[in-house]
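Chemist: Output the structure for:
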Amino acid sequence: MAKNSQTSTNASQSVTNGNGTLNKCTICGKPINPTNTSGIGSTCTKHAGKVGKYYVTAPANIATNSNYVTLVHLCNIAQSVGVSRGYAVRLTGGDAGTHAPVAPVFTVYVLGKRKFVQLQAVGALKVLVTTGKLPAYPATTPTNVNHSVSAVPPPNAKNNVYG
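Modeler: Here you go, the predicted model:
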């Protein structure tokens, strides 16, 4: 048993904590509206069939390959140059991979639960923040990934990276 005598039921993903029942999404586990009868949260419903659509399965040696960095590293760089971590994640197509990256250099490669981007993404992020434009890099990502995004706005809190 968990602390505070919490019990969970795998079938409904509901958690009883003494104060009532907290409904959880059966896909992601986040709390959902108690009146929701489907058992799936609104975001998961909206993303149905799209999660990871733009991810590329990484080769097993990607963690030791010096041409790739983790998405966390890219987010740390974003903060150090004055933009939000969320901005860097949106450049890659979002945390769930439901949108295309703004450029092939921001393609996310997944190995288990770890996410990687090309090392060139760090330089592209810095140039984007400084100039408002992405540098031209040769496409080195698989051809089966759609990277069609019309324009990249300069970073600020009000812009939506998805154009």
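
Chemist: Give me the buried positions along stretch 41-58.
Modeler: Neighbour-count burial for stretch 41-58, counted by 16 or more other C-beta atoms under 10 Å, picks out 41, 44, 47, 51, 54, 55, 56, 58. In this view, the C-beta of every residue, glycine as well, is placed from N, C-alpha and C.

Chemist: what's the spacing between the last one and residue 102?
Modeler: With distances defined as C-beta to C-beta, to the nearest Å, the gap from residue 58 to residue 102 amounts to 20 Å.

Chemist: now the third one
Modeler: Going from residue 47 to residue 102 by C-beta to C-beta gives 19 Å.

Chemist: Looking at residue 48 now. What's its pLDDT?
Modeler: At residue 48, the predicted lDDT confidence score is 74.

Chemist: for the residue nearest the centre of the chain, what are its contacts?
Modeler: Nearest residue to the geometric centre of the chain (C-alpha atoms, centre = their mean): residue 95, 1.0 Å. Under the criterion of C-beta atoms under 8 Å, 6 or more residues apart in numbering, the neighbours of residue 95 are residue 89.
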